[in-house]
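Student: Curious how this folds, go ahead:
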Amino acid sequence: MLKLGGYLNILFAILHIVGLIWAEKMFELVGIAEGMALAKQDIHPLYPYFITVVVGIIFFIMGLYGLSADNKFKKLPLLKPMVFCIGGIYFLRGIGELIFDIGWQKASPLLENTYSLIAVFVGLLYLVGGLKKWKIKETK
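Tutor: Got it, this is the predicted structure:
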């Protein structure tokens, strides 16, 4: 579970970086084009690209934590709390958007619900995977 969550996060990171080739289209697809256009105008023309790279790096780090927890990568610091933190963030993001329709994205409802379900799925991979990993170790 943790391995799959880790690889999915690394995939998300790669998609963020590769998506910069078609940045405007990507921003439109995920429903943040309006916000990114304002950021470009109000903050700095490169700000949307910078934020996208930062988010890609964060996804990559979260992926490394998933792989580290599955012993596919060296043990990272604060591994146990980070796995549960990552799982909780994903789960709350997904459930929050599904239940409360926060509306921070302007994508189609189908896409927003799909993103939310993916977030719930990845969150459960980390939460359940973490519980399985550390429950098994504690009982031995």
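
Student: where's the residue sitting nearest the centre point of the chain, which helix or strand?
Tutor: Centroid-nearest residue in the chain: F59, 5.4 Å away (criterion: CA atoms, centre = their mean). Under the criterion of DSSP states H and E, F59 resides in helix 47-69.

Student: mean confidence score for that helix?
Tutor: When pLDDT is averaged along helix 47-69, the result is 95.

Student: quick one: the next helix or strand after that helix to helix 47-69, angle?
Tutor: Next in sequence after helix 47-69, counting helices and strands by DSSP H and E, comes helix 79-100. Between the axes of helix 79-100 and helix 47-69, defined by axes from the mean of the first three to the mean of the last three CA atoms, to 10 degrees, the angle is 130 degrees.

Student: How many neighbouring residues does the nearest residue to L98 once chain neighbours are set aside have?
Tutor: Distance criterion CB to CB, 6 or more residues apart in numbering; nearest residue to L98, sequence neighbours excluded, is S116 at 4.7 Å. (C-beta placed from N, C-alpha, C; glycine too.) Around S116 there are 20 other residues, counting by other CB atoms under 10 Å.

Student: Distance of S116 relative to E28?
Tutor: To E28, S116 is 19 Å away according to CB to CB, to the nearest Å.

Student: Could you point out the longest helix of this structure?
Tutor: helix 109-139 (DSSP state H).

Student: roughly how far out does stretch 24-37 sit from the chain middle?
Tutor: 17 Å (CA atoms, centre = their mean, to the nearest Å).

Student: In that stretch, which residues are buried?
Tutor: M26, F27, E28, V30, G31, I32, A33, M36 (16 or more other CB atoms under 10 Å).
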